[in-house]
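Asks: my questions concern the predicted model and sequence given below.
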Amino acid sequence: MNPAGIPLKEPSVSAAAGDTGQLERAVIDASTRVPVLIFYTSAVAWLILGTLLAGFVSFKLHTPDLLSDISFLTWGRVRPAHMNVMVYGWASMAGMGTAIWLMARLCRTVLRYPLLLVAGAGFWNLGVLLGVGGILLGDSTGYQWLEFPSYAAIVLFVAYTLVASWAVLVFRFRRGEQIYITQWYLLGAFLWFPWLYAAGQLMLFVVPVQGVLQAAVGWWYANNLLFLWFGAIGLGTAYYMIPKVIGRPVYSYHLATIGFWSYALFSSWTGMQRLVDGPFPAWMVTASIAATILTLIPVATVGLNHHMTMQGYFPLMRYSPTLRFTVFGAMSYTVFSLVGVLISLRSVARYVNFTQTSIAYSHLGLYAFFTMVIFGSMYYIVPRLIGREWRYGSLIKLHFWASAYGIGLMTLMLLAGGLLQGTSMENPSLAFSENVESVLPYLRGRSLSGILLTVSHFIFAYHFGLMLFGLGRKSTVPTFLNPVEAEGAEVAH
Amino acid sequence: MKGLAPLFLGIFGTFAFSWVGLTVIPNWQIGYLNPQSDEEGTDIYPMPQSGMVTRGARVYAANGCVYCHSEQVRAEYTGADIERKWGVRRSAPRDYIFERPVLLGKMRMGQDLANIGARAPKEEESPSPTGGASPGPQGAAVSSGAVASAMAASPPPSAGSPSPASLAAATAPAASPGSPAPKALESPAAAASPSSPLPGGTVAAGPGTGVASPSPAAAAKASPAASPATPPSPAGPPWPEQTAGLPPMYSAAWHHVHLYSPRSINLDSNMPSYRFLYQARRISDARSADALQLTSSDAPPEGWEIVPTYDAKCLVAYMMALNQSHPLKEVKSAGAPAAASPAASPSPAPGGQPPK
């Protein structure tokens, strides 16, 4: 199967091409339609809810009296609600949707047992709903990233078991000898997550570990969720989308192998650097700092690999929405990792610990990297499920720029505000209230970036809704961001 | 990559490595710590938490306090925490062995709370339920506000100093915060008023919340808005400042007012108010002992009072129990330990641990 499906020239959704490879892909895509769309639709709904909550959280942080008299709207409950909606509602569901589609395609088999996935999506939605409701009603556990009360966690785990068992099943039915890079990452994600989630739940709630180890387990979980679940899905998706869209094989398989195994080995050891200077044996923190520095190896190899694959094809980002989002995400992965290394160093951590910097770091990973890659994949996948093309290139463009500027502004604001907050915290002659006040202008700036992101998400949701209701363009040519003159193809909108 | 076995083995192997390395081995190392005790076994630290404190920790977690407040003090060479008087020594794993959930926190939009209980006025911690009321009315001394400031700013050297507890005794039964009657303060009869005997039914609320809360006496002297009337003592914690007309800083009563209306205590505070943890109710015959003493703008209408719910009492009990000032063998206390840790003096019941 050559990389014939270059969408710039030839949309692979059309079965009329006569190519058996195209036909096969079209059949597989059609078989994934219902489950993947269920995951995507739920994810977009959660994204909108999470965005509204995020704006609320952001404004309340510098306007503390806003609706604070209502218990379920108090800042301390809305904040974890926002975070969990985004992590488990949006990011996990969208990531699973993409992962399911990629698994079916890369295993070159029609999607079997769709009911497993439909039930999985249903239970997952129920779990997130219960969990977020529980948090708002005052049932949060207090462990960051694991705030869901246990009744929600159990439902979530059942849902996950259904999805993961489907992934293992479909892998057994795969055709072809080769296991592509993306599949390593996806298999990793599907197998790491249950272990991670079960370990986190068991060690915190079922047979809780003593004292500060709870915090260690909590951050070990959170960091590994970021790297081994979201990071793995995001990198795997990028490894598929970039070569696919530009129609060129990955630059080096060998580099990809090194990148994958060093990623699995080193990024899983990070997490304790967030507890720097805390009440822990120093070796735990030091080990994680070392591991964080060592993640420069996968960052360099993955980055180099993507860059060399893209070499000479960067101008295509002008046209392809998928490529633009995915490359932005892949580049953000590098930035995210570099920031992670920087703030983990003890000399820097002293000034950024306990500040907004960690929020910037989480958003770089979950949004600038993961979410942008997933947006890219959705721009690629949804037309292939529905058989229509995205309706407005201009909306996609707007979505991209609002997201890119939004997350860029947010990161800058939080990093700068965090640094300022941290340095003034280190100066005991400054009253603590001055230290808090110093960061408020940056928090207002962050709210501004939140408005941009809200606009971007509503545009995307609207566009996605149009697609869902079959209002996309009927065309054999995908929607480009700018008219494609060179190919002489039909000008896309 | 060909062959499934190496892929699966690798995926499991790398993760198992991380799991064992970062959770299982640390659990062997520090997962089974015991409280520290001296030779006689009398000076045990830390002590198990009372039921109210445990419940308070859950209230703290449920309402997301942890997203702005940390509960860990860094060593003096890694941060300014000790210079900021957030503690006398760095936190150690043993400090947390009875805590569940452990709310170390990752963000300081608010102060560190690891020792917030230790920073309370000493009288609050008196383990004797009667200790609070015994010194007798000393309204004149307290109402100046400056004394309260001094007490809050530096741990009083002895329990014999003017007690904010006397405020409770000085409360006039009918006084409402809206129209505080300054004369009631001086009324010696108030010492025996129906409101002052503390119920004692709740463990930590006994000497804690009951002590200083019904203090319209002090409120009477308050300027309408929250104005930092007295300069903070130079040795005192930098923020927030003691405000005239309010209970002594970091006392249980102060926490209630602060939770109810943070900006009445510190105009610059960024904390949301937690009014949903309080309820307004009509005063039936006498003002409750635990009613909040609020300044004019927050005060309830005439004939009404604001009282904490049980959750609010538990939350405050939890905060009053946050105290890591007891010395630990494995940690060097910073600064001048002798001078800085009177609160940590080896008393059988460590300060901040309410009577069990």
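Replies: Noted; the coordinates are in hand. Numbers count the residues shown, from 1 in each chain, chains lettered A, B, ... in the order given.
Asks: what's around the closest residue to residue A:158 other than its chain neighbours, how many residues?
Replies: Leaving aside its chain neighbours, residue A:158 sits nearest to residue A:123 (5.3 Å; criterion: Cβ to Cβ, 6 or more residues apart in numbering or on different chains). From N, CA and C alone the C-beta is placed, and that goes for glycine too. Using other Cβ atoms under 10 Å in any protein chain shown, residue A:123 has 20 neighbouring residues.
Asks: how about the one 5 residues further on?
Replies: Applying other Cβ under 10 Å, we find 26 residues neighbouring residue A:128.
Asks: by contact count, what packs against the helix or strand where it lies?
Replies: Following DSSP states H and E, one finds residue A:128 within helix A:114-136. Applying 3 or more Cβ pairs under 8 Å, 6 or more residues apart in numbering or on different chains; DSSP states H and E, we find helix A:114-136 packed against helix A:33-62, helix A:75-84, helix A:92-106, helix A:150-172.
Asks: if we can go back for a sec, can you pull the contacts of the residue nearest to residue A:158?
Replies: A:155-156, A:158-159, A:162 (Cβ atoms under 8 Å, 6 or more residues apart in numbering or on different chains).
Asks: for residue B:14, same thing?
Replies: Contacts of residue B:14 (Cβ under 8 Å, 6+ apart): A:261, A:264-265, A:268.
Asks: for the helix holding residue A:128, buried residues please.
Replies: A:114, A:116-117, A:119-121, A:123-125, A:127-128, A:130-132, A:134-136 (16 or more other Cβ atoms under 10 Å in any protein chain shown).
Asks: between helix A:33-62 and that helix, find me the angle.
Replies: Relative orientation of helix A:114-136 and helix A:33-62, computed by axes from the mean of the first three to the mean of the last three Cα atoms, to 10 degrees: 10 degrees.
Asks: right, and the helices and strands packed on helix A:114-136 - which one's nearest residue B:71?
Replies: helix A:75-84 (14.7 Å; Cβ to Cβ).
Asks: for that closest one, packing partners?
Replies: Using 3+ Cβ pairs under 8 Å, 6+ apart, helix A:75-84 is in contact with helix A:33-62, helix A:114-136.
Asks: tilt between it and helix A:114-136?
Replies: Using the same axes, to 10 degrees: helix A:75-84 against helix A:114-136 is 160 degrees.
Asks: now helix A:75-84 - C-alpha only, PDB.
Replies: In PDB, the C-alpha atoms belonging to helix A:75-84 read as follows (Å, rounded to 0.1, in the frame of the first residue of the first chain):
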ATOM      1  CA  TRP A  75     -14.200  28.100  42.900                       C
ATOM      2  CA  GLY A  76     -12.700  25.200  44.700                       C
ATOM      3  CA  ARG A  77     -15.400  22.900  43.200                       C
ATOM      4  CA  VAL A  78     -15.600  24.300  39.700                       C
ATOM      5  CA  ARG A  79     -11.900  24.100  39.200                       C
ATOM      6  CA  PRO A  80     -11.600  20.400  39.600                       C
ATOM      7  CA  ALA A  81     -14.900  20.000  37.700                       C
ATOM      8  CA  HIS A  82     -13.300  21.900  34.800                       C
ATOM      9  CA  MET A  83     -10.100  19.900  35.000                       C
ATOM     10  CA  ASN A  84     -11.900  16.500  35.100                       C
END
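Asks: and it, how far out from the chain's middle?
Replies: The chain centre lies 18 Å from the centre of helix A:75-84; the measure is Cα atoms, centre = their mean, to the nearest Å.
Asks: stretch A:276-292 too?
Replies: 26 Å.
Asks: could I get the helices and strands packed on helix A:114-136 as TSV with mean neighbour count, distance to residue B:91 and mean pLDDT?
Replies: As requested, these are exported to TSV (neighbours: other Cβ atoms under 10 Å in any protein chain shown; distance: least, Cβ to Cβ, whole Å; pLDDT from 0 to 100):
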stretch	mean neighbour count	distance to residue B:91	mean pLDDT
helix A:33-62	21	26	96
helix A:75-84	25	22	96
helix A:92-106	26	34	96
helix A:150-172	18	28	93
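Asks: what does the stretch 201-350 of chain A have sitting close to chain B?
Replies: A:203-204, A:208-217, A:220, A:224, A:228, A:257, A:261, A:264-265, A:268-269, A:271-272, A:274-281, A:284, A:287-288, A:346, A:350 (Cβ under 8 Å from any Cβ of the partner chain).
Asks: biggest helix in the chain, by residue count?
Replies: Picking chain A for this. helix A:432-468 (DSSP state H).
Asks: try again with chain B
Replies: Per DSSP H, chain B has its longest helix at helix B:4-19.
Asks: let me have the helices and strands packed on helix A:114-136 in TSV, extended by distance to residue B:271.
Replies: Converted to TSV, the helices and strands packed on helix A:114-136 look like this (distance: least, Cβ to Cβ, whole Å):
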stretch	distance to residue B:271
helix A:33-62	11
helix A:75-84	9
helix A:92-106	32
helix A:150-172	28
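Asks: residue ranges in chain B under the pLDDT threshold?
Replies: B:1-2, B:123-244, B:334-356 (pLDDT under 70).
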